[in-house]
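1. What would the 3D arrangement of this be:
(chains A and B)
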Amino acid sequence: MAFSVNHPFLYALSAVVVLFVAAQSVFFLVKAARQARRLGISAATVRKTALSSALFSVAPAVSILVGVITLSQFLGLPFPWLRLSVLGAVTYELPAASIAASAMETTVTRTVTDPETFTAIAWVMTVGILSGLLLVILALRPIQSGMLAISGRDRRWGDILSDSLFLGMISAFVGLLFADVRKGLPGFIPIAVALVSALLMALCGLAIKKFRWGWLEQYAMPLCMLGAMALSIPLTALMR
Amino acid sequence: MKKKERPAVNLSAYERSVHLQGRIWDSMALILMLAVPAAVCVYFDAWPPLGAVLKALLGVAPMYWTVGIIEVLTFVPMLGTGGSYLAFVTGSLTSLKVPAALNAMQAAHVRAGTEEGDVISTIAIAASSLITTLIIALGVFLLGYLQPVLESPVLRPAFDNILPAMFGALGVAFIAKSPKIAMAPLVCMVALFLAVPGLAKSVSVLVPLGALIAIGAARVLYKKGLLDEKPAGKGEGA
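-> Numbering: from 1, shown residues only, chains lettered A, B, ... in the order given. Below you'll find the model as predicted:
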């Protein structure tokens, strides 16, 4: 069988996995929505949560698509489509592909034409990132029990612990904004964009309180994010 | 004296069914993911040398398997049961699924670690996964039309700044609610990235470090009675 990185068989395989993962998402969405009703969470809250999360995901999804395009130069379209629709991320897939290609004594500077190189890359990209999924399958329940033990029997401390986890993650990404400041003014662009986003969020918070715009609460985050992304275009032009 | 409660060690019927169905779905997803390279090998009769694959895995797995394990330990308490089973299949955790879940829980006034938080997080992650899957699939099949737009230099800054735009808004919302806890990890992380800019490539490894600093600082503040105000979320269903 003549190999091509864009062979219809690869599209078919990728489509099967992507459809499976979409079905899993629908299954959990329906299950959680039903449970939300049992818990007394209003249908409007469920609907707004789903819509707001979808809106929130548009820009990052487009960014992932850009990653698919990047990888497609070497690996064709179907395999990057699969990898970035499931566990993968461009930051992982590209180094993994490069290391696998290097082990096959080649490089991923142009489209892979050798099927053995392609399958070596495919195995490494797939297996190299499975630990999280494996751990969740094998040990999610004991891990959650362990977390409960760490938070102890003090409910208040448990709440603080959960806030601390959120803030630890947010701090890491806020710190990341400062990584390029040594590059001069352009290095401050991420900080400026984050400040614009924070300012928009503060304005939304003010509008929610002052004008009682409850509807805005669910959509504030995606709107601020998209607004800051849009404003990053003139900001970048000014600061470069 | 602070009120102490026995944690709910007994899982609800919903949680038990999520664990069972989550394991089944995730196991099937795992098998399917592994079946893809196997099927390609069989179909094209192209089996790579085992030595080369193992050699490459030795270069990749120690780092990424460790990151995967750390991600589970860090994100599971935030995502809840259903959200974890889904997010660890659909991926893009730090850049998409975790922020989406945090945003949804905050907007719905529910706390992580409660059943309400669990269902809201699951709904957010499922909706996020579906829209992401749809956009990528549409993009793949309409690439000819979309590629010039997506690679346009005019739009480039917007895509380069997704994380600052996301964490600016998310940061102000969460930091404003718990500024005392936020102070120590923020100062440490900013100092760390200023001192070692090269760490930008390993930000996901630094998330648990930020969390540990935040937990340590929070514990000290809590023991000194400096965190007596009501926590960030309300803890009740919306």
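
2. Now do the SS call for the most centrally placed residue in chain A.
-> For chain A, the residue nearest the mean C-alpha position is A:P60 (6.7 Å; C-alpha atoms, centre = their mean). Three-state call for A:P60 (DSSP: H, G, I helix; E, B strand; the rest coil): helix.

3. Distance check, it against B:H109.
-> 24 Å (C-beta to C-beta, to the nearest Å). C-beta: built from backbone N, CA, C; applies to glycine.

4. Apart from its chain neighbours, what residue comes closest to B:I131?
-> A:A54 (4.2 Å; C-beta to C-beta, 6 or more residues apart in numbering or on different chains).

5. same check, this time on B:I213
-> B:P185 (4.4 Å).

6. How far off centre is the strand or helix carrying the one you found?
-> Taking DSSP states H and E as the definition, B:P185 sits inside helix B:179-195. Taking C-alpha atoms, centre = their mean, to the nearest Å, one finds helix B:179-195 lying 20 Å from the centre of the chain it belongs to.

7. Stretch B:35-53 now?
-> For stretch B:35-53, the distance to the chain centre is 31 Å (C-alpha atoms, centre = their mean).

8. how about it as CSV, C-alpha atoms only?
-> Provided in CSV are the C-alpha atoms of stretch B:35-53 (Å, rounded to 0.1, in the frame of the first residue of the first chain):
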residue,chain,number,x,y,z
ALA,B,35,-4.9,1.2,18.1
VAL,B,36,-4.1,4.1,15.7
PRO,B,37,-0.3,3.6,15.3
ALA,B,38,-0.9,-0.2,15.4
ALA,B,39,-3.4,0.1,12.6
VAL,B,40,-1.1,2.3,10.6
CYS,B,41,1.7,-0.3,11.0
VAL,B,42,-0.6,-3.1,9.9
TYR,B,43,-2.2,-1.3,7.0
PHE,B,44,1.0,0.0,5.5
ASP,B,45,3.1,-3.0,6.7
ALA,B,46,5.5,-0.5,8.2
TRP,B,47,6.8,-1.6,11.6
PRO,B,48,9.4,0.7,13.0
PRO,B,49,12.5,-0.8,14.7
LEU,B,50,11.6,-1.4,18.3
GLY,B,51,15.0,-0.1,19.4
ALA,B,52,14.4,3.3,17.7
VAL,B,53,11.0,3.7,19.3
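
9. per-residue pLDDT, B:K2?
-> B:K2 carries a pLDDT value of 46.

10. before we move on, back to that, export the helix holding B:P185 to PDB, keeping only CA atoms.
-> Presented in PDB, the C-alpha positions along helix B:179-195 are these (Å, rounded to 0.1, in the frame of the first residue of the first chain):
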ATOM      1  CA  PRO B 179      -5.300  38.400  47.900                       C
ATOM      2  CA  LYS B 180      -3.600  37.200  51.100                       C
ATOM      3  CA  ILE B 181      -3.200  33.600  49.700                       C
ATOM      4  CA  ALA B 182      -2.200  34.900  46.300                       C
ATOM      5  CA  MET B 183       0.600  37.200  47.500                       C
ATOM      6  CA  ALA B 184       3.300  34.600  48.200                       C
ATOM      7  CA  PRO B 185       3.000  32.500  45.000                       C
ATOM      8  CA  LEU B 186       2.600  35.600  42.800                       C
ATOM      9  CA  VAL B 187       5.800  37.200  44.200                       C
ATOM     10  CA  CYS B 188       7.700  33.900  44.000                       C
ATOM     11  CA  MET B 189       6.600  33.100  40.400                       C
ATOM     12  CA  VAL B 190       7.300  36.600  39.100                       C
ATOM     13  CA  ALA B 191      10.700  36.500  40.700                       C
ATOM     14  CA  LEU B 192      11.400  33.100  39.300                       C
ATOM     15  CA  PHE B 193      10.500  34.000  35.700                       C
ATOM     16  CA  LEU B 194      12.400  37.300  36.000                       C
ATOM     17  CA  ALA B 195      15.500  35.400  37.200                       C
END
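
11. Following element in sequence after it, please.
-> Trace forward from helix B:179-195 with DSSP H and E and the next one is helix B:203-223.

12. could you give the angle of the helix holding B:P185 to helix B:203-223?
-> 140 degrees (axes from the mean of the first three to the mean of the last three C-alpha atoms, to 10 degrees).

13. any idea of the mean pLDDT in helix B:179-195?
-> 95.

14. what's that helix packed up against?
-> In terms of contacts (3 or more C-beta pairs under 8 Å, 6 or more residues apart in numbering or on different chains; DSSP states H and E), helix B:179-195 is packed against helix A:155-176, helix B:162-177, helix B:203-223.

15. in it, what counts as buried?
-> Within helix B:179-195, the residues that count as buried by 16 or more other C-beta atoms under 10 Å in any protein chain shown are B:I181, B:A182, B:M183, B:A184, B:P185, B:L186, B:C188, B:M189, B:V190, B:L192, B:F193.

16. For the nearest residue to the residue nearest to the centre of chain A once chain neighbours are set aside, grab the count of nearby residues.
-> Spatial nearest neighbour of A:P60, excluding adjacent residues (C-beta to C-beta, 6+ apart): B:L96 at 4.6 Å. Neighbour count for B:L96, taken as other C-beta atoms under 10 Å in any protein chain shown: 27.
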